[in-house]
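>>> sharing a model prediction with you, sequence too.
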Amino acid sequence: MIRRFFTYYLPHKKLFALDFSSAVVVAILELAFPLAVQWFIDDLLPGQNWSAIVWVSAGLLGLYLFSTGLQYIVNYFGHKLGINIETDMRQQLFTHVQRQSFRFFDNTKTGHVMSRITNDLFDIGELAHHGPEDLFIAIMTFLGAFWIMLTINVQLAFAAIVVVPFLVWLIIVCNLKMNKAWKRMYSNIADVNGRVEDSVSGVRVVQSFTNEEFEISRFTKDNRKFRHSKLAAYKIMSYSSSGIYMMTRFITLVVLVFGAWLSFTGQLSYGELVGFVLYVNVLLKPIDKISALMELYPKGMAGFKRFTELIDQEPDIVDAKDAVPVKDLKGDISFDQVSFSYEGEKKVLENIDLTIRAGETVAFVGPSGAGKTTICSLIPRFYDVDKGAITIDGMDIRQMTKQSLRSQIGIVQQDVFLFTGTLKENIAYGMLDATDEQIEEAARHAYLEGFIASLPDGYETQIGERGLKLSGGQKQRIAIARMFLKNPPILILDEATSALDTETELFIQKALTELSKNRTTLVIAHRLATIRNADRIVVVTEDGIAEEGNHDELIEHDGIFANLHRVQYQQS
Ligand SMILES: Nc1ncnc2c1ncn2[C@@H]1O[C@H](COP(=O)(O)OP(=O)(O)OP(=O)(O)O)[C@@H](O)[C@H]1O
């Protein structure tokens, strides 16, 4: 894990070298200053040599200024290093998540992904900056200070470090406990994020059911759990820092008392005693640093572990080694003995055979949950078949690169997802480099022109988060406009279940009919009236494809479709 962590330093080698070397020089200067004080007291003061004192003081001032400059470098560039590594990791994680397949998102909570990409990486950045640098400096300063202390007085030096093993034991024990505590805390904050994501994005459902209190109580539970776990972590941390404080002060006291005795017995000069006490502080500083690191390390490493867990999750839909890019597909689609299940043994599709000719409009009807959407999700490889094969223009879709295959397929979903931004940006999502003229033409084809012209800001109108400021019909038409821009040879339309007013529906139907022209179109139909003109209707039931034919043939056949038709006709 640590070796892997260090690979993230590689792109920032120079920054690391600058930061690290400056920190080493600062530490060496820190070690030298008490020696200067000792020399000052023992040699310069008794001689009352003012000019030497002035020169030495000027020299010290110069060194202090130099050290200050280096400390600035360590602070700024050290943090820059941490931030750079954090940003790289965030970028890598976001890119990785973008490449994940539908199955990953079926099983992962959005709030957890958000937590990984935001909170978890904060501490990793801090650890990246302070970790190796502070550890090295702490060890170097500790050993350096101890060595100088030995040269001043061996007995006093050993008296000073007698408590250190207890200190190390305390730090290790607390570190192990803290590791667990931070892990729990991170898991709990991810739950809180998940809850916020759910309740805020579903706030309209919450309020329509007047379930605000229920949501608040669920959030309170998660929030309390988080508080409890964070508090537990801080409790351990407080034990640790109080223990460290007590032991370090005890060391100072021992040195003062024992040092006083050595001084009375003529074994230690005043300058040496003052120098020694200053070195005790230099010796204890690394211990403070290491204990701070011990707090940071488990936090950062817990975050890094979660980061690697996500990064190591390979997308299950990837390009085959010999996959080729495709373009200008005709749109002949064929299912050959296709079986598929989302999870476990429960088959959603079993041995499905189906052929759709290029340019044909095929409607899928059948009871809810029969597998209509699933059939259509397999064509762009949102999921891979378990058995059998799907081919387009005679080529297995697994032999095509995923990106090129999907570029040939357009999907208008029932629940249109729009992004926060302007109307124009949302239409242009179908073709990111579309010109204004192309966007306007697409809007015209989708019968959006009149609506856009009526808006004060026209195409620049902000549509609110997920298009909240738009009606269902308007959203649908934006989705259709996107498809005119994308212009794919294969189209999948998941028909809206919610009833739109007759006029809007008429416009949408007209736009869709126009969009379907010269394309292979698969329609997941809910209202049978809209598919009367489909070239073929495929009736899907839990047992697979039950009937196939055009509208009149199926009515005449008097089977499932005719029955569904009768029910809907009677209802309307
Ligand atoms: N992401 C998923 N993970 C697990 N099971 C799923 C998933 N999506 C759908 N299913 C299950 O697969 C079966 C077929 O679902 P599918 O959405 O294809 O049906 P459908 O015929 O399109 O239904 P509807 O007309 O209600 O949209 C259902 O039993 C459903 O519960």
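Cool, the structure landed.
>>> show me which residues of this protein sit near the ligand.
Counting by Cβ under 6 Å from any ligand atom, the residues of the chain close to the ligand are 106, 342, 343, 348, 368, 369, 370, 371, 372, 373, 374. For glycine as for every other residue, the C-beta is placed from the backbone atoms N, C-alpha and C.
>>> can you pull the pLDDT of the first one?
pLDDT, the model's per-residue confidence, is 87 for residue 106.
>>> now do the contacts for the residue in the stretch 1-150 of the chain positioned nearest to the ligand.
For the stretch 1-150 of the chain and the ligand, the shortest gap (Cβ to the nearest ligand atom) falls at residue 106, measuring 4.3 Å. Shown in contact with residue 106 (Cβ atoms under 8 Å, 6 or more residues apart in numbering): residue 342.
>>> can you tell me how far it is from residue 205?
20 Å (Cβ to Cβ, to the nearest Å).
>>> can you check residue 509 too?
On the measure of Cβ to Cβ, residue 509 and residue 205 end up 29 Å apart.
>>> in whichever strand or helix holds the residue of the stretch 1-150 of the chain closest to the ligand, which residues are buried?
Here residue 106 sits within helix 102-107, counting by DSSP states H and E. In terms of neighbour count (16 or more other Cβ atoms under 10 Å), helix 102-107 has its buried residues at 103, 104.
>>> about what we covered before: out of residue 509 and residue 205, which sits in the busier spot?
A direct count of neighbours by other Cβ atoms under 10 Å for residue 509 and residue 205 places residue 509 higher, at 15 against 12.
>>> the ligand versus the more buried one, what's the distance?
Taking Cβ to the nearest ligand atom, to the nearest Å as the measure, residue 509 and the ligand are separated by 19 Å.
>>> how many neighbours does residue 545 have?
With other Cβ under 10 Å as criterion, residue 545 counts 20.
>>> need the three-state assignment for it.
What DSSP: H, G, I helix; E, B strand; the rest coil gives for residue 545 is strand.
>>> per-residue confidence at the spatially closest residue to residue 330 that is not a sequence neighbour?
Distances taken as Cβ to Cβ, 6 or more residues apart in numbering put residue 358 closest to residue 330, at 4.1 Å, once the chain neighbours are dropped. On pLDDT, residue 358 comes in at 91.
>>> again, but for residue 498
For residue 498, pLDDT reads 55.
>>> ok, residue 554 - contacts?
Neighbours of residue 554 in contact, by Cβ under 8 Å, 6+ apart: 537, 539, 547, 561, 562, 565.
>>> hey, what's residue 395 bridged with?
For residue 395, the beta-bridge partners are residue 392 (DSSP bridges).
>>> distance of it from the ligand?
In terms of Cβ to the nearest ligand atom, residue 395 sits 25 Å off from the ligand.
>>> so that residue makes contact with residue 330?
No. Between residue 395 and residue 330 there is no contact under Cβ atoms under 8 Å: 10.9 Å.
>>> okay, now residue 413: neighbour count?
Other residues close to residue 413 by other Cβ under 10 Å number 14.
>>> ignoring the adjacent residues along the chain, who's closest to it?
Nearest to residue 413 is residue 494, by Cβ to Cβ, 6+ apart, at 5.1 Å.
>>> cool, residue 294 as well?
Distances taken as Cβ to Cβ, 6+ apart place residue 175 nearest to residue 294, at 4.4 Å, with adjacent residues excluded.
>>> for stretch 329-338, which positions count as buried?
Using 16+ other Cβ under 10 Å as the test for burial, stretch 329-338 gives 329, 331, 332, 333, 334, 335, 336, 338.
>>> any idea how far the residue nearest to residue 286 when sequence neighbours are not counted is from residue 522?
Nearest non-adjacent residue to residue 286, counting by Cβ to Cβ, 6+ apart: residue 138, 3.4 Å away. Noted for residue 138: a distance of 65 Å to residue 522, by Cβ to Cβ.
>>> neighbour count winner among the two?
Applying other Cβ under 10 Å to residue 138 and residue 522 shows that residue 522 carries more neighbours, namely 27 against 20.
>>> helix or strand: which one has the more buried one?
strand 520-524.
>>> tell me the strands beside whichever helix or strand comes after that strand, with direction?
Scanning forward in sequence from strand 520-524 by DSSP H and E, the next helix or strand is strand 536-541. Partners of strand 536-541 in the sheet, by DSSP bridges, are strand 361-365 (parallel), strand 544-549 (antiparallel).
>>> give me the distance between the helix or strand residue 172 falls within and the centre of its chain.
Here residue 172 sits within helix 164-201, counting by DSSP H and E. In terms of Cα atoms, centre = their mean, to the nearest Å, the centre of helix 164-201 is found 19 Å from the chain centre.
>>> what is the rounded mean pLDDT of it?
On average, the pLDDT along helix 164-201 is 85.
>>> buried residues in that helix?
For helix 164-201, by 16+ other Cβ under 10 Å, it's 164, 167, 170-171, 174-175, 177-179, 181-195, 197-199.
>>> now for whichever helix in the chain runs longest, which elements pack on it?
In the chain, taking DSSP state H as the definition, the longest helix is helix 212-264. In terms of contacts (3 or more Cβ pairs under 8 Å, 6 or more residues apart in numbering; DSSP states H and E), helix 212-264 is packed against helix 154-161, helix 164-201, helix 270-311.
>>> residue 120: which of the ones you listed is closest?
Among the helices and strands packed on helix 212-264, the nearest to residue 120 by Cβ to Cβ is helix 270-311 (3.7 Å).
>>> measure how the closest one sits relative to helix 164-201, angle-wise.
With axes from the mean of the first three to the mean of the last three Cα atoms, to 10 degrees as the basis, helix 270-311 and helix 164-201 are set at 40 degrees to each other.
>>> now for the very next helix or strand once past helix 270-311, which elements pack on it?
As assigned by DSSP H and E, the chain's next helix or strand after helix 270-311 is strand 333-340. Using 3+ Cβ pairs under 8 Å, 6+ apart, the elements in contact with strand 333-340 are strand 349-356, helix 372-378, strand 387-392.
>>> ok now strand 333-340, how far from the chain's centre?
On Cα atoms, centre = their mean, the centre of strand 333-340 falls 35 Å from that of its chain.
>>> that one pairs with which strands?
Strand 333-340 has the following strand partners under DSSP bridges: strand 349-356 (antiparallel), strand 387-392 (antiparallel).
>>> where along the stretch 1-150 of the chain do the helices fall?
In the stretch 1-150 of the chain, the helices defined using DSSP state H, counting those that start in this stretch lie at 2-7, 13-39, 45-47, 50-98, 102-107, 110-117, 119-152.
>>> what would these look like in a markdown table with distance to residue 476?
Formatted as a markdown table, the helices of the stretch 1-150 of the chain follow (distance: least, Cβ to Cβ, whole Å):
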| stretch | distance to residue 476 |
| --- | --- |
| helix 2-7 | 47 |
| helix 13-39 | 51 |
| helix 45-47 | 89 |
| helix 50-98 | 26 |
| helix 102-107 | 22 |
| helix 110-117 | 24 |
| helix 119-152 | 37 |
